[in-house]
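*Asks:* Only the shape, not the letters, is given here:
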């Protein structure tokens, strides 16, 4: 079966911008969160996931990481870390949720801890430069082949940026499959994946496996090994 | 030495990064760029530009690199500025400011800026921005210095120039300031093909150890850094002595002490005194351009230490991580971006912490090895020259789309 409209793989390269805004404690954090650009929120909830594929930390977003490391507020760090980004389809709602979690914590806090000088939270944002790649797919086989060849930044663009940053509400792959092949079940299965629990390599394997109809237990990349080791073995290192 | 080409990095970096460089290069091919700094050789900026400029030219971006001219008095002034930006108390006189301005004007008279993008490195040539009005270029100021606690007077003097630029680049977010122009966060980078980082053979490493009369018969712990109080070499010896009580190991402290730096000589004397009576401590006062020896010493080590009390970016950490060495380092400055605690190395805050983590790694070679693998991957993705090249190509594209956060090319 051939698509009416081919899937064109795009990729997005990113340049990180320093906003000059910073927060030394949670009250400042809330005030800054109200004002920073959407791109800053997007950056801080994805930065660790996107950039630390080889070395993911304990917390999946920068807010949780800072709250734990610099303020020592473990309870709040866990609440922020457990935020499921997948549940949000726009930045405004996500921003408000982060603010609500912190305000809720502050309402029952007995002290306002302050980060030491130089350890404040520095708000950054990113500029995404979106470019067309040479990969094009008319069929699902060609799509899987393209997915294999295209870089992981392309996957990130179509699965994460398109959904949350460009306001597509779903990932680009599901949209194309539904529109061109009418396969709503497959589109829904791909959309139902929780991408934040995989590395990008693993996510790519999962998508390809769903399209091919196998169980996806084929990841064997270095990334996958590291990720699995970290999830299961971090305690060994942490002692 | 044969000319290095982009293709030479292909086996080293991830395919997607190599492809992305080529894709970005297609978009900016034919653009003209000028880089200006204050020295053609020696120092980190020249080291980076020596590699970056030919690579950009190979990709079709016509980059011209020029160096400003200045008298000894001018460089004395800029050295004082440098120290002041680092936060040291320095006396700045009106005469010094006049010398600085006069040198900028003299260079402006000699230089043309007819490119699309001009990148000015560090404070020495910052005043060239006065040519902006007559050029159609986008102007970018690249700060390579730790500017987190600058002397206010010097910073305000330079800021009057900086705000005229179209954009600026800093190594870390905490080096940046509140500025009305975009500030990009771009890490510095190491070159995996340089003499300091290229792969070495076993015999090359052994030859260097032999040259320095070191026998590889017990685990080697190494810190590479100049003899400076801020690098805390005496603290490293103290940590080593704690480790030595339970594990038979040896310590290498290798670095240089600049001949014009009286403090350096004093630190070296203190280090020698602290190491007296222990034949397993090797103090190597290396001459300039000892990159090959440094490479071999890092590779011969089981654990590399960077126990700085204060640090700019501390790129020497990435050099060790690239060699798949677990690094025990102080949680200061840019080190915290390179060492992810418990994953690519260990971050510490004291002599005791440093000793404990060294002991842990020496007793757990499998974990040390695994950490080294992650360390290398972390550097492969974030701190290599090719990532810097990618950032520069992106910068060219971004400069022409100010205030857009998603740019469709």
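*Replies:* Structure received. This one's a predicted model, so the numbers in the text were calculated from it and none came from an experiment. Numbering: from 1, shown residues only, chains lettered A, B, ... in the order given.

*Asks:* Residue B:308 versus the residue of the stretch 251-400 of chain B found nearest chain A, what's the distance?
*Replies:* Residue nearest to chain A within the stretch 251-400 of chain B (Cβ to the nearest Cβ): residue B:377, separated by 3.9 Å. For every residue, glycine as well, the C-beta is placed using N, CA and C. Distance of residue B:377 to residue B:308, computed by Cβ to Cβ, to the nearest Å: 24 Å.

*Asks:* Pick out whichever of these two has more residues nearby.
*Replies:* More crowded of residue B:377 and residue B:308, by other Cβ atoms under 10 Å in any protein chain shown: residue B:308, with 24 against 20.

*Asks:* can you give me the helices in chain B?
*Replies:* B:15-28, B:44-58, B:72-85, B:94-110, B:152-162, B:202-211, B:233-244, B:262-275, B:291-300, B:316-322, B:335-338, B:351-363, B:365-382, B:385-399 (DSSP state H).

*Asks:* Pretty sure residue B:132 sits against residue B:139.
*Replies:* Yes - using Cβ atoms under 8 Å, residue B:132 is in contact with residue B:139, at 5.2 Å.

*Asks:* So for residue A:180, what's the pLDDT?
*Replies:* Reading off the confidence values, residue A:180 has pLDDT 96.

*Asks:* and it, what does it touch?
*Replies:* For residue A:180, the contacting residues are A:3, A:4, A:5, A:7, by Cβ atoms under 8 Å, 6 or more residues apart in numbering or on different chains.

*Asks:* Where does it sit, in terms of helix or strand?
*Replies:* Here residue A:180 sits within helix A:172-181, counting by DSSP states H and E.

*Asks:* Any buried residues in that helix, and which?
*Replies:* Under the neighbour-count criterion of 16 or more other Cβ atoms under 10 Å in any protein chain shown, helix A:172-181 has A:172, A:173, A:174, A:175, A:176, A:177, A:178, A:180, A:181 buried.

*Asks:* how close does the nearest residue to the last one once chain neighbours are set aside sit to residue B:133?
*Replies:* So the one you mean is residue A:181. Closest residue in space to residue A:181, ignoring its immediate chain neighbours: residue A:1 at 6.0 Å, by Cβ to Cβ, 6 or more residues apart in numbering or on different chains. Remark: distance between residue A:1 and residue B:133 (Cβ to Cβ) = 60 Å.

*Asks:* Buried only: go through the contacts of residue A:180 for me.
*Replies:* By 16+ other Cβ under 10 Å, the contacts of residue A:180 give A:3, A:7 as buried.

*Asks:* between the contacts of residue A:180, which is closest to residue A:105?
*Replies:* residue A:7 (43.1 Å; Cβ to Cβ).

*Asks:* Share the number of residues neighbouring the closest residue to residue B:175 other than its chain neighbours, please.
*Replies:* Once flanking residues are discounted, residue B:175 sits nearest to residue B:147: 4.9 Å by Cβ to Cβ, 6+ apart. For residue B:147, the count of nearby residues is 21 (other Cβ under 10 Å).

*Asks:* Give me the three-state assignment for the closest residue to residue B:408 other than its chain neighbours.
*Replies:* In this structure, residue B:408 finds its nearest non-sequential neighbour in residue A:130, 4.9 Å apart by Cβ to Cβ, 6+ apart. Residue A:130 carries the three-state label strand when classified by DSSP: H, G, I helix; E, B strand; the rest coil.

*Asks:* Hmm, residue B:409 and residue A:130 touching each other?
*Replies:* Yes - with contacts counted by Cβ under 8 Å, residue A:130 reaches residue B:409, the gap being 6.6 Å.

*Asks:* Next up, the contacts around the residue nearest to residue B:408.
*Replies:* So, once contact is read as Cβ under 8 Å, 6+ apart, residue A:130 ends up touching A:10, A:11, A:12, A:157, B:406, B:407, B:408, B:409.

*Asks:* of all of chain A, which residue lies closest to chain B?
*Replies:* Closest point on chain A to chain B, by Cβ to the nearest Cβ, is residue A:151, at 2.9 Å.

*Asks:* So that residue is in contact with residue B:15, correct?
*Replies:* Yes - between residue A:151 and residue B:15 there is a contact under Cβ under 8 Å: 7.4 Å.
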